[in-house]
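Novice: 3D model of this:
(2 chains)
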Amino acid sequence: MIRFVDVQKTYANGVQALKGVNLQINDGEFVAIIGLSGAGKSTLLRSINKMISITSGQLFIDDAEISSIKGKDLRMLRRNIGMIFQSFNLVKRMTVYNNVLTGRVAYHPTFKTVFGLFPHEDKILALESLDTMGILDKAFTRADQLSGGQQQRVALARALAQKPKLILADEPVASLDPITTVQVMDDFARINRDFGITIVANMHHVDLALKYASRIIGIKDGRVVFDGPSAAISEAKLVEIYGRALKHNELLGE
Amino acid sequence: MARLTLTNGKVVIKPFNRIWIVLGIVIALSFLFGYVVALESEGITFRPDQLPIILKKMFSPHRGETWIDYFSYILELQNVMVMTLQMCYGGTVIGALSAVPIALLSSKNIVKTKWIYGPFRFLLNLFRTIPVTVLAVISIGMVGTGILAGMIAISLFTFGIMAKMLFELIETIDMNCVEALESTGANRVQAIRYAVFPQVFPVFIGYTIYIFETNVRSSAILSYVGITTIGTIMKDNEMTDYDKVGGAVILIFVVCVIIQLFSDLVRRKLE
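Specialist: Numbering: from 1, shown residues only, chains lettered A, B, ... in the order given. Coordinates of the predicted model:
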């Protein structure tokens, strides 16, 4: 469970990205955060695993207040949270298998990981994560040999290898083509359904968000302006979030 | 500045590219300095006809000797060459490895505190102003004129260049992978091991082999401060026994070509 209590974030340059956010996200939900570029979607998402520190307010994860934790406690928090990025953020020169194993690094002491020593269970777990994502046959291929969709699946396998309770996704399909986009979104839905992992994703495409997420959070100018089931969002609300009506060609299309 | 008019009447002002002025000044200065140097040098004897004569003396047997003598002399040099290579190898590897932590501490994107990377960079810049011969003289002061002194000098020299080249390389890497590693809960050292090292490793190896080759060639110079290397033969013969100097040059050439072939092979394997 994630709970935001009057969370604010002001960047060093004076930009107020979050202006008092109150939210609760329960275990097992699939939440899409929508809004214009610069509305604060990314800040909201990254404050959850403290890749960005909030300026004021409180942020709870499973009843633990995280806004002031650091060092080992912070790393223990992060290893339970997978993160997916728009540009995949794999180490391109490494094999797919080694990329997935990096999801296990935080579970072991530094000196062991420096020499690349992982226990047998981790190696099996990494390969099983790849199998779950349907790319076990690519395990020993270099990451940069894969297509965009495959690379995002490797990133998902890396997140799965962390054995997370929650996966954060920052524009996970924004650099993929429409067909691959649907495949990767199906993967998210499957992970959410089969493993009960909570998914919180920032989305460009409103129709994708409505189709896959069970709950929509609309952000405008650092504030939550909509929070409810996907079915309940109205055309008028979308106009409020985006400042104008979305044209048909701005949706991905069914 | 140039005014460009589009067919629809819009006018775009293109700023002048200053690179041409800079390039012009650089080239003009080189001519000026060349002229000054020539004026200042006393007793110039311009005798280009000497070049083929010297080359012939270098790359053919001494008068009264045979080609067999010439090549057997090159073979005699092999012990010195092997010692030189060992000295360069040890020095290069030790220098390159010890440059790694310092390069990390000098990288803006790894150490975000200016108070840390700033001083390290400053010290590295100072350190690189020391010529390799001076490093050798200092080493000789500590361990005598053996090739150990040469190895220390070469490792210090390698350390200086490598730390500089490496931190510049580290600053060009994709930091998104580091972010990804840190999002999994990895600590700084683990993030460096799994996101930074894989990205810089192949280039680091390439640099090391390149510096090794440079070191083999420049180790000849170390003989002038008293360390026995392949260059000693050139110094001891006061550059008069041209055939012996020529033999040493051929040997250095062959070794450098072999190192280059090896380097290409390693780089292909790492790609």
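
Novice: Which strands or helices does the helix ranked longest in chain A pack on?
Specialist: Using DSSP state H, we find that the single longest helix of chain A is helix A:178-195. Here helix A:178-195 touches strand A:30-34, helix A:148-161, strand A:166-170, strand A:198-202, helix A:206-212, going by 3 or more Cβ pairs under 8 Å, 6 or more residues apart in numbering or on different chains; DSSP states H and E. C-beta coordinates here come from the backbone N, C-alpha and C atoms, glycine included.

Novice: Now do the buried residues in it.
Specialist: A:180-185, A:187-189, A:191-192 (16 or more other Cβ atoms under 10 Å in any protein chain shown).

Novice: Next, the angle from it to helix A:148-161.
Specialist: Per axes from the mean of the first three to the mean of the last three Cα atoms, to 10 degrees, the angle that helix A:178-195 makes with helix A:148-161 is 20 degrees.

Novice: who's in contact with helix A:178-195?
Specialist: Here helix A:178-195 makes contact (Cβ atoms under 8 Å, 6 or more residues apart in numbering or on different chains) with A:28, A:30, A:133, A:147-149, A:152-153, A:156, A:160, A:167, A:169, A:172-173, A:176, A:197-199, A:201, A:205, A:208, A:211-212, A:252-253.

Novice: which of the residues you listed are buried?
Specialist: For the contacts of helix A:178-195, buried by 16+ other Cβ under 10 Å: A:28, A:30, A:133, A:148-149, A:152-153, A:156, A:160, A:167, A:169, A:172-173, A:176, A:197-199, A:201, A:205, A:208, A:212.

Novice: ok, how many other residues are close to residue B:249?
Specialist: Neighbours of residue B:249 under the rule other Cβ atoms under 10 Å in any protein chain shown: 18.

Novice: Next: residue A:200.
Specialist: 24.

Novice: swap in residue B:169?
Specialist: Burial of residue B:169 is recorded as 16 neighbouring residues (other Cβ under 10 Å).

Novice: Residue A:229 too?
Specialist: The burial count for residue A:229: 10, using other Cβ under 10 Å.

Novice: Please report phi then psi for it.
Specialist: phi -60, psi 150 (degrees, to the nearest 10).

Novice: List the residues that contact it.
Specialist: Residue A:229 makes contacts with A:214-216, as judged by Cβ under 8 Å, 6+ apart.

Novice: from those residues, which is closest to chain B?
Specialist: Proximity of the contacts of residue A:229 to chain B (Cβ to the nearest Cβ) peaks at residue A:215, which lies at 23.0 Å.

Novice: can you give me phi and psi for that closest one?
Specialist: phi -140, psi 140.

Novice: So what's the residue count around the nearest residue to it once chain neighbours are set aside?
Specialist: In space, and not counting its chain neighbours, residue A:215 is closest to residue A:31: 4.9 Å by Cβ to Cβ, 6 or more residues apart in numbering or on different chains. For residue A:31, the count of nearby residues is 21 (other Cβ under 10 Å).

Novice: Buried residues in stretch B:59-67, which are they?
Specialist: Neighbour counts over stretch B:59-67 (16+ other Cβ under 10 Å) mark residue B:61 as buried.

Novice: no wait, stretch A:237-247
Specialist: A:238, A:241-242.

Novice: would you list those in TSV and tack on distance to residue B:23, secondary structure and pLDDT?
Specialist: Formatted as TSV, those follow (distance: Cβ to Cβ, whole Å; DSSP: H, G, I helix; E, B strand; the rest coil; pLDDT from 0 to 100):
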residue	distance to residue B:23	secondary structure	pLDDT
A:238	56	helix	82
A:241	53	helix	83
A:242	51	helix	83
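
Novice: quick one: which of those residues is nearest chain B?
Specialist: Distance to chain B, by Cβ to the nearest Cβ, is smallest for residue A:241 among these, at 27.0 Å.

Novice: re earlier: ok, of the contacts of residue A:229, which come out buried?
Specialist: Listed as buried from the contacts of residue A:229 are A:215-216; burial here means 16+ other Cβ under 10 Å.

Novice: picking that back up, which one of the buried residues of stretch A:237-247 is nearest to residue A:49?
Specialist: Proximity to residue A:49 was ranked across these by Cβ to Cβ; first place goes to residue A:241, at 24.5 Å.

Novice: pretty sure that closest one is touching residue A:224, no?
Specialist: No: at 10.2 Å, residue A:241 does not count as touching residue A:224 under the criterion of Cβ atoms under 8 Å.

Novice: list residues touching both of the two?
Specialist: In terms of Cβ under 8 Å, 6+ apart, residue A:241 and residue A:224 are both contacted by the residues residue A:218.

Novice: what residues are up against the closest residue to chain B within the stretch 101-250 of chain A?
Specialist: Residue nearest to chain B within the stretch 101-250 of chain A: residue A:106 (3.3 Å; Cβ to the nearest Cβ). By Cβ under 8 Å, 6+ apart, the contact list for residue A:106 reads A:75-76, A:78-79, A:162, B:184-187, B:190.

Novice: Does chain B have contacts with the helix or strand residue A:77 falls within?
Specialist: In this assignment (DSSP states H and E), residue A:77 forms part of helix A:71-78. Yes: judged by Cβ under 8 Å from any Cβ of the partner chain, helix A:71-78 and chain B are in contact via A:74-78.

Novice: re earlier: please save the CA atoms from the longest helix of chain A in PDB.
Specialist: C-alpha atoms of helix A:178-195 as PDB (Å, rounded to 0.1, in the frame of the first residue of the first chain):
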ATOM      1  CA  PRO A 178       1.800   0.500 -31.700                       C
ATOM      2  CA  ILE A 179       1.900  -3.300 -32.100                       C
ATOM      3  CA  THR A 180       4.700  -3.800 -29.600                       C
ATOM      4  CA  THR A 181       3.000  -1.400 -27.300                       C
ATOM      5  CA  VAL A 182       0.000  -3.600 -27.000                       C
ATOM      6  CA  GLN A 183       2.200  -6.700 -26.400                       C
ATOM      7  CA  VAL A 184       4.100  -5.000 -23.600                       C
ATOM      8  CA  MET A 185       1.000  -3.600 -22.100                       C
ATOM      9  CA  ASP A 186      -0.500  -7.200 -22.100                       C
ATOM     10  CA  ASP A 187       2.700  -8.300 -20.300                       C
ATOM     11  CA  PHE A 188       2.000  -5.700 -17.600                       C
ATOM     12  CA  ALA A 189      -1.600  -6.800 -17.300                       C
ATOM     13  CA  ARG A 190      -0.400 -10.400 -17.000                       C
ATOM     14  CA  ILE A 191       2.200  -9.600 -14.300                       C
ATOM     15  CA  ASN A 192      -0.500  -7.700 -12.400                       C
ATOM     16  CA  ARG A 193      -3.000 -10.500 -12.700                       C
ATOM     17  CA  ASP A 194      -0.800 -13.600 -12.300                       C
ATOM     18  CA  PHE A 195       1.600 -12.400  -9.600                       C
END
